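Engineer: Predicted model and sequence below, questions to follow.
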There are 2 protein chains.
Amino acid sequence: MQIGEVAARTGLSPRTIRHYEETGLVIPSARSQGGFRLYTETDVARLMAVRRMKPLGFTLDEMRGLLDATDRLDAAEPVDGIEREALLERVRAYEQTTARKIEELRLQLARAEDFAATLRARLGRAPGEDTSTRAPAAHA
Amino acid sequence: MQIGEVAARTGLSPRTIRHYEETGLVIPSARSQGGFRLYTETDVARLMAVRRMKPLGFTLDEMRGLLDATDRLDAAEPVDGIEREALLERVRAYEQTTARKIEELRLQLARAEDFAATLRARLGRAPGEDTSTRAPAAHA
DNA sequence: CAGCAACTCTACCTTAACGTTAGAGTAGAG
DNA sequence: CTCTACTCTAACGTTAAGGTAGAGTTGCTG
């Protein structure tokens, strides 16, 4: 499928997807006669993985590092034991940082909710005009 | 207090704090004889507010917009009714977008956790060498 | 008071991750 | 064929920050 559909399905902009190619993060599996990028389901899956990793604050290079490792682990031709262990070690390292980054994300969410509460409180104290336009108490 | 202590207390780098001044986001209340930035507790509070807003993806300009509004609402000299209502309206708008952005943050966190689970599953399936180095099952 | 370590200043350059725009080419329905 | 909707490359712009150099400031300390 071509870039527009991929963008629609992944929620990433075509520009972003092209950027990911520039940095070697997700290379389309093929090109059409005329040069259009053609993506497979596997490519889309990879883009999805990137999207899930993004909020964790990894750089594109880091994500490429992880995706390359898992790709090689899943490859048809099995890598030899030594390299396999090295790859697994790398994935383990990513798992650790991911755990830490998720903690950080949780913290940020908590802080943001705290901030939102402050905002609501301020508006609550200061009488507005049309209460019906307010958010339905977003289950804080 | 000067920038180093502020950095320590806010968790922001001195460089970032200076950057916030360049964009007009947080201007230090005073300067020393020799030109050192001097911050008050109020300045620090403002920086803290910025830090809480940051994960929500507001631009620095947007944050300045909100902080300026609340500052003027809290000012000693009360603004006239018309302007006050305008300011409140602005704050209400921010509250709405904040609510939406928090939802988005929650979604991203969920996706990230999903990703982390995938990573763990992959490592679980592929036997490692030293199980003791693994994270203590970060209460997924 | 001279000296010094630790800190801070300005100014400018660099980076990451896209967004925007222009001008040209492609796909495929009719 | 011929549109219309996409897509391409290339280059420049933007946002938020980090890095660095060279000079100045603070405030102690002997």
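Structural biologist: Yep, that arrived.

Engineer: Residue A:84 - that's part of a helix, no?
Structural biologist: Yes - according to DSSP: H, G, I helix; E, B strand; the rest coil, residue A:84 belongs to a helix.

Engineer: what about residue A:42, how many residues close to it?
Structural biologist: By other C-beta atoms under 10 Å in any protein chain shown, 11 other residues sit near residue A:42. C-betas here are computed from N, CA, C, even on glycine.

Engineer: where's it, which helix or strand?
Structural biologist: Using DSSP states H and E, residue A:42 sits within helix A:41-53.

Engineer: The helix or strand following that helix vs helix A:41-53, what angle?
Structural biologist: Once helix A:41-53 ends, the next helix or strand along the chain (criterion: DSSP H and E) is helix A:60-74. Angle of helix A:60-74 versus helix A:41-53, following axes from the mean of the first three to the mean of the last three C-alpha atoms, to 10 degrees, is 130 degrees.

Engineer: Check which helices and strands helix A:60-74 is in contact with.
Structural biologist: Here helix A:60-74 touches helix A:41-53, helix A:81-125, going by 3 or more C-beta pairs under 8 Å, 6 or more residues apart in numbering or on different chains; DSSP states H and E.

Engineer: thinking again about what came up before, list the buried residues of the helix holding residue A:42.
Structural biologist: By neighbour count, with 16 or more other C-beta atoms under 10 Å in any protein chain shown as the criterion, the buried positions of helix A:41-53 are A:43, A:44, A:46, A:47, A:48, A:49, A:50, A:51, A:52, A:53.

Engineer: ok, those residues vs residue A:1, which is closest?
Structural biologist: The shortest gap between residue A:1 and any of those belongs to residue A:44, at 7.8 Å (C-beta to C-beta).

Engineer: check contacts around that closest one.
Structural biologist: Residues near residue A:44 by C-beta atoms under 8 Å, 6 or more residues apart in numbering or on different chains: A:1, A:6, A:9, A:10.

Engineer: Same list (these) but as CSV, adding pLDDT.
Structural biologist: Output for these, formatted as CSV (pLDDT from 0 to 100):
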residue, pLDDT
A:1, 97
A:6, 98
A:9, 98
A:10, 97
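
Engineer: Let's see which of those end up in strands.
Structural biologist: Taking DSSP state E, every one of the contacts of residue A:44 sits outside strands.

Engineer: In PyMOL, select just the buried ones from those residues.
Structural biologist: Command for PyMOL, covering only those of those found buried under the criterion 16+ other C-beta under 10 Å:
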select buried, chain A and resi 6+10
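
Engineer: Tell me which two in the contacts of residue A:44 are the farthest apart.
Structural biologist: Among the contacts of residue A:44, the pair separated by the greatest distance (C-beta to C-beta) is A:1 and A:10, at 11.1 Å.

Engineer: And the helix holding residue A:42, how far out from the chain middle?
Structural biologist: 8 Å (C-alpha atoms, centre = their mean, to the nearest Å).

Engineer: Next: stretch A:95-114.
Structural biologist: Distance, stretch centre to chain centre, for stretch A:95-114: 15 Å (C-alpha atoms, centre = their mean).
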